[in-house]
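**Q** here's my sequence, what's the structure:
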Amino acid sequence: MEITLGSEEVISRIRQLQSNGGTINKKQVKQHDPELMRSALHYFPSWEHAVKNAGLL
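**A** Next up is the predicted model:
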């Protein structure tokens, strides 16, 4: 399982997803952007931590 995004890119993609009207729901992201989810869980202990670090919780 290769990690292709850096931690800052993960944060940026989460913010971009939210600002474009997309959902940041864990299940939806896992389904529609598994690369983002994999990378987020590599750098953060949970999806919720990644979202918090993006300033969205």
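
**Q** just checking, I11 touches N53?
**A** Yes. I11 is in contact with N53 according to CB atoms under 8 Å; the separation is 5.8 Å. For the C-beta atoms, the positions are set from N, CA and C on the backbone; glycine is no exception.

**Q** which one of these two is surrounded by more residues?
**A** I11 (20 against 17; other CB atoms under 10 Å).

**Q** ok, the more buried one - contacts?
**A** A50, N53, A54 (CB atoms under 8 Å, 6 or more residues apart in numbering).

**Q** let's see 10 Å
**A** By CB atoms under 10 Å, 6 or more residues apart in numbering, the residues touching I11 are L5, A40, Y43, F44, A50, V51, N53, A54, G55, L56.

**Q** on that earlier part again, overlap of the contact sets of I11 and N53?
**A** A40, Y43, F44.

**Q** compare those and tell me which is most surrounded.
**A** Most surrounded of the shared contacts of I11 and N53: other CB under 10 Å gives A40, at 28 neighbours.

**Q** so what's the residue count around the closest residue to that one other than its chain neighbours?
**A** Take A40 and drop its neighbours on the chain: the residue closest to it by CB to CB, 6 or more residues apart in numbering is A50, 4.0 Å away. By other CB under 10 Å, 27 other residues sit near A50.

**Q** ok, A50 - contacts?
**A** Shown in contact with A50 (CB under 10 Å, 6+ apart): 7, 10-11, 13-14, 24, 26, 29, 36-37, 39-44, 56-57.

**Q** can you list the weak-confidence ranges in this protein?
**A** Low-confidence segments of the chain (pLDDT under 70): 1.

**Q** longest helix anywhere in this structure?
**A** Ordering each helix of the chain by length in residues (DSSP state H) puts helix 7-19 first.

**Q** next SSE downstream of that helix?
**A** helix 26-32 (DSSP states H and E).
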